[in-house]
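In: Okay, structure incoming, though there's no sequence with it:
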């Protein structure tokens, strides 16, 4: 296997890619997060098999994946926190709500910059 020549990536091959499940929003987070974790191994695999080249992501596309993961991570953490709490109360929910509002606003600002850069690259 190609990864045998790359010990660091071979360690990662035990992790499988997660699939997106349309009925579970957090599966998108898990899929993209795992893809970022396995980015080097994925790129090595694609480079080793020319039939996979159509699946290769550009650096800009990887940036967008990273941006989406950074947007979804706080939502995943809030979901985990609220789902593990036996009796979530308003004292739990309000700080999470306000924290999410701030994080999403910050991510949206960051996304604007990323999208503007993407549009400029595409306009050539």
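Out: In hand now; what should we look at? As the structure is a computational prediction, the values presented were derived from the model and not from experiment.

In: what does stretch 16-27 rub up against?
Out: With Cβ atoms under 8 Å, 6 or more residues apart in numbering as the test, stretch 16-27 has contacts from 28, 30, 31, 33, 34, 35, 38, 42, 72, 75, 76, 79. For glycine as for every other residue, the C-beta is placed from the backbone atoms N, C-alpha and C.

In: for residue 110, what are its contacts?
Out: Counted by Cβ under 8 Å, 6+ apart, residue 110 has contacts 67, 70.

In: Look up how far residue 68 lies from it.
Out: 11 Å (Cβ to Cβ, to the nearest Å).

In: quick one on the thing from earlier: any of the contacts of stretch 16-27 buried? List them.
Out: Neighbour-count burial (16 or more other Cβ atoms under 10 Å) is assigned, among the contacts of stretch 16-27, to 28, 30, 31, 33, 34, 35, 38, 42, 72, 75, 76.

In: tell me the two of those that are most distant?
Out: 42 and 75 (24.3 Å; Cβ to Cβ).

In: Tabulate the buried ones among the contacts of stretch 16-27 (a markdown table), appending pLDDT.
Out: Listed next are the buried ones among the contacts of stretch 16-27 as a markdown table, based on pLDDT from 0 to 100:
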| residue | pLDDT |
| --- | --- |
| 28 | 89 |
| 30 | 91 |
| 31 | 91 |
| 33 | 93 |
| 34 | 92 |
| 35 | 92 |
| 38 | 90 |
| 42 | 90 |
| 72 | 89 |
| 75 | 89 |
| 76 | 91 |
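
In: I'm done for today, thanks for sticking with me.
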